[in-house]
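Participant: Prediction below, plus the sequence it came from.
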Amino acid sequence: MTYQSHEPGPLRHVEHVMGTVFSFDIREVAAADRPRVQAALDGAVVGLHRVDELFSTYRPDSEISRLGRGELTLSRCDPEVRDVLRMCEDAEHRSGGWFSARYAGGQPDPTGLVKGWAVERAARMLVSSGAGSVCVNGGGDVQVHGGPWRVGIADPLRRGELAAVVEAHGELAVATSGPAERGCHIVDPSTGRPPAQGLASLTVIATSLADADAWATAACAMGADRARPWLGRLPDAEAFVITADGTTWHTSGFARYTAGLCV
């Protein structure tokens, strides 16, 4: 897997993995830095496939599936599995239990955090290689460095249209949860059922995509009534919400990130 070019300019790559599409956009790589950045891009793509091998709940041979069936103990899992599950435990504690990394029955399911963590890690690999302006998009969850970047938030009620545009500078993450793409897959951990107050889309902006992914998942599980005050108190994060009836609202600091609102 190589992307050989010695010409200055951007590097771009698209990879199908983890049941979705990951895109890499690296701006204006100098010719002298290109081999090192290309090697980091190779490594980032390999790393995404490794995450799929370890964490996919759809692969019976993944470590997370084997752990759930009792064929593997946590102490014998790959260190990355232990690290991610510890992060999930921390997110569960910090969200008051609304984020959960367990199926009904207690089997491990870190889906609500692991993709954001994988995208964030891939972006950091590229930055460490010397890439100054990086955008990694994993199925609509985005981690950027440098910029400026413009990140569109899809309108779940008007296909093909944007609900908002985020202006991203420096290190910033944008994660969106909701039923639009995958159906109703987020449930109240205490009942195992979808929340009573439905949300069409909930986007969280933070520095870390692992955090943004977890908070978006937790807030969707809460439902609209509980999510609004909780998101307003969440430190170092902002949110933009579209309810099932098309009403929109956002936290007080969200506007400073917006290049435009379309609803």
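Facilitator: Perfect, thanks for sending it.
Participant: residues in contact with Val114?
Facilitator: Val51, Phe55, Val84 (CB atoms under 8 Å, 6 or more residues apart in numbering). Yep, even glycine has a C-beta here, placed from its N, CA and C like the rest.
Participant: So what's the residue count around the second one?
Facilitator: Translated: Phe55. By other CB atoms under 10 Å, the residues close to Phe55 number 27.
Participant: Glu15 and Leu48 touch, don't they?
Facilitator: Yes: between Glu15 and Leu48 a contact is recorded at 6.4 Å, counting by CB atoms under 8 Å.
Participant: anything in contact with each of these two?
Facilitator: Common neighbours of Glu15 and Leu48 (CB under 8 Å, 6+ apart) are Phe22.
Participant: moving C-terminal of the helix or strand where Arg228 lies, what's the next helix or strand?
Facilitator: Using DSSP states H and E, Arg228 falls within helix 224-233. Using DSSP H and E, the helix or strand that follows helix 224-233 towards the C-terminus is strand 238-243.
Participant: got the CA positions of that following strand in PDB?
Facilitator: This file holds the C-alpha atoms of strand 238-243, laid out as PDB (Å, rounded to 0.1, in the frame of the first residue of the first chain):
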ATOM      1  CA  GLU A 238     -20.500  22.500  22.200                       C
ATOM      2  CA  ALA A 239     -23.500  20.900  20.500                       C
ATOM      3  CA  PHE A 240     -26.000  21.400  17.700                       C
ATOM      4  CA  VAL A 241     -29.200  19.500  17.800                       C
ATOM      5  CA  ILE A 242     -32.100  18.700  15.400                       C
ATOM      6  CA  THR A 243     -35.100  17.100  17.000                       C
END
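Participant: partner strands of the next helix-or-strand element following that strand, parallel or antiparallel?
Facilitator: Following strand 238-243 in sequence order, the next helix or strand is strand 248-250 (DSSP H and E). Counting by DSSP bridges, the strands paired with strand 248-250 are strand 238-243 (antiparallel).
Participant: and the strand it pairs with, how far out from the chain's middle?
Facilitator: Offset of strand 238-243 from its chain centre (CA atoms, centre = their mean, to the nearest Å): 16 Å.
Participant: Same check on stretch 74-84?
Facilitator: How far stretch 74-84 lies from its chain's middle: 20 Å, per CA atoms, centre = their mean.
Participant: now do the same end-to-end measure for that stretch.
Facilitator: End-to-end distance for stretch 74-84: 12 Å, by CA to CA, to the nearest Å.
Participant: Please apply the same query to stretch 97-116.
Facilitator: 19 Å.
Participant: Pretty sure Cys88 sits against Pro110.
Facilitator: Yes: at 5.0 Å, Cys88 and Pro110 qualify as touching, with contact defined as CB under 8 Å.
Participant: Now the common contact residues for these two.
Facilitator: Jointly contacting Cys88 and Pro110 under the rule CB under 8 Å, 6+ apart are Ala101.
Participant: between the contacts of Val114, which is nearest Leu234?
Facilitator: Val84 (21.2 Å; CB to CB).
Participant: So which residue is dead centre in the chain?
Facilitator: Gly116 (3.0 Å; CA atoms, centre = their mean).
Participant: Let me know the helix or strand that that residue is in.
Facilitator: helix 111-128.
Participant: and Gln107, what pLDDT?
Facilitator: Gln107 is assigned 86 on the pLDDT scale.
Participant: mind pulling up the phi and psi values for Ala237?
Facilitator: Backbone torsions of Ala237, given as degrees, to the nearest 10, read phi -150, psi 150.
Participant: Thought Ala214 was touching it, still the case?
Facilitator: No: the criterion here is CB under 8 Å, and Ala237 misses it with Ala214 at 10.3 Å.
Participant: which of these two has more neighbours?
Facilitator: Using other CB under 10 Å, the more surrounded residue of Ala237 and Ala214 is Ala214, with 31 against 22.
Participant: Many thanks, we can stop here.
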